[in-house]
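Asks: Output the structure for:
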Amino acid sequence: MASNKRKKKDNSDEESDEVDWEMECRKKVRQLEEAYDERLVMASKTGRLEWELKRANDQLLGSKSMLSARGVIEWLEERHDREMPDSVRRDVRHDRWKWIFDNDPTFRNEG
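Replies: The predicted structure is shown next:
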């Protein structure tokens, strides 16, 4: 029959198996601090990348909208907004376009 009694360890074994909990705790605290610093760096990089992506998307969408008829109309109206008389600016789009067509050198007939 096997004995269920535990054997006593002698003092030399206890000292070598003992864990320096203070040192282990300090190591874990250092690891947590390093992980926190890495997280801050990554968050900063992520924020920067998100900003750059938004800017690139805005530029792309702006370029695409410039290719549409409405985009061209809005661009021309913005371009001539300062030069356009108030009465024309507040008028209907047809009259604004007539004024732009008459006053923008891009639409000159070179025939």
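Asks: Counting residues, what is the longest helix that the chain contains?
Replies: Longest helix of the chain, by residue count under DSSP state H: helix 21-67.
Asks: Which elements pack onto the helix or strand just after that helix?
Replies: Using DSSP states H and E, the next helix or strand after helix 21-67 towards the C-terminus is helix 69-79. Other helices and strands packing on helix 69-79, by 3 or more CB pairs under 8 Å, 6 or more residues apart in numbering; DSSP states H and E, are helix 21-67, helix 93-103. Placement of C-beta: from N, CA and C, glycine included.
Asks: Could you provide the ones you listed in TSV, with additional columns for mean pLDDT and mean neighbour count?
Replies: As requested, the helices and strands packed on helix 69-79 are arranged in TSV below (pLDDT from 0 to 100; neighbours: other CB atoms under 10 Å):
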stretch	mean pLDDT	mean neighbour count
helix 21-67	89	10
helix 93-103	84	13
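Asks: quick one, domains of this protein?
Replies: 23-67, 69-111 (automatic domain parsing).
Asks: what about the closest residue to Phe107 other than its chain neighbours, distance to Met23?
Replies: Distance criterion CB to CB, 6 or more residues apart in numbering; nearest residue to Phe107, sequence neighbours excluded, is Phe101 at 5.0 Å. Phe101 sits 82 Å away from Met23, going by CB to CB, to the nearest Å.
Asks: just Val92 next, same as before
Replies: The value you get for Val92 to Met23, if CB to CB is used, is 81 Å.
Asks: what's the answer for Val88, then?
Replies: From Val88 over to Met23 the distance is 81 Å, taken as CB to CB.
Asks: got it, and Glu52?
Replies: For Glu52, the distance to Met23 - CB to CB - is 44 Å.
Asks: same deal with His94?
Replies: From His94 over to Met23 (counting by CB to CB), the distance is 83 Å.
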